[in-house]
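A.B. asks: Structure here, sequence nowhere to be found:
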């Protein structure tokens, strides 16, 4: 009985720690996006919903994401995609234990298209289908 209680407590502690770690990671992402959210009149809830898999389909949201992509240095003003330094440029935003996963998903999903917003839309819809941990 005592072993079961110890295991149950350990599991609860581990789950609690993972929730705190994930909440901290999510806050870093929200903080990173805040300047672009404000610039495009998008609220934090839209970003949180997108991280949870429900993407708002309006131009201001995608313009916000383009702003964030430029800030992250993964897209240029002309819409060209560059992920060469993602891990270095975003080391203060993406937790080390999740960086390889997020970078891998981005390399799969962020594919340059002819139109900037098409690039963003397709990347977002691809990204949210994966377990990104953000």
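C.D. replies: Good, I have the coordinates. Just so we're clear, the structure is a prediction, and the values are computed from it rather than from any experiment.

A.B. asks: any low-confidence regions in this structure?
C.D. replies: Applying pLDDT under 70 to the chain picks out residues 1-23, 133.

A.B. asks: In the helix or strand in which residue 62 is found, which residues are buried?
C.D. replies: Using DSSP states H and E, residue 62 sits within helix 59-71. Residues 61-69, 71 are the ones in helix 59-71 that count as buried (16 or more other CB atoms under 10 Å). Glycine gets a C-beta too; all of them are placed from N, C-alpha and C.

A.B. asks: for those, which one is nearest residue 36?
C.D. replies: Nearest to residue 36 among those, counting by CB to CB, is residue 67 at 3.6 Å.

A.B. asks: how about the closest one, what does it touch?
C.D. replies: By CB atoms under 8 Å, 6 or more residues apart in numbering, residue 67 lies in contact with 35-36, 39-40.

A.B. asks: Could you rerun that using 6 Å?
C.D. replies: 36, 39 (CB atoms under 6 Å, 6 or more residues apart in numbering).

A.B. asks: cool, and residue 90?
C.D. replies: Residue 90 touches residue 72, counting by CB under 6 Å, 6+ apart.

A.B. asks: Start the count at 450 instead of 1 going forward.
C.D. replies: From this message on, residue numbering opens at 450, which makes the last subject residue 539.

A.B. asks: Can you give me the distance of it to residue 568?
C.D. replies: With distances taken as CB to CB, to the nearest Å, residue 539 is found 18 Å from residue 568.

A.B. asks: starting at the chain centroid, how far to the helix holding residue 511?
C.D. replies: Here helix 508-520 shows a centroid-to-chain-centroid distance of 13 Å under the convention CA atoms, centre = their mean, to the nearest Å.

A.B. asks: and after that helix, which helix or strand comes next?
C.D. replies: The helix or strand immediately downstream of helix 508-520 is helix 535-538, counting by DSSP H and E.

A.B. asks: list the buried ones in the helix or strand following that following helix?
C.D. replies: Of the helices and strands lying after helix 535-538 in sequence (DSSP H and E), the nearest is helix 545-558. The neighbour-count check on helix 545-558 (16+ other CB under 10 Å) flags 548, 551-552, 554-555, 558 as buried.
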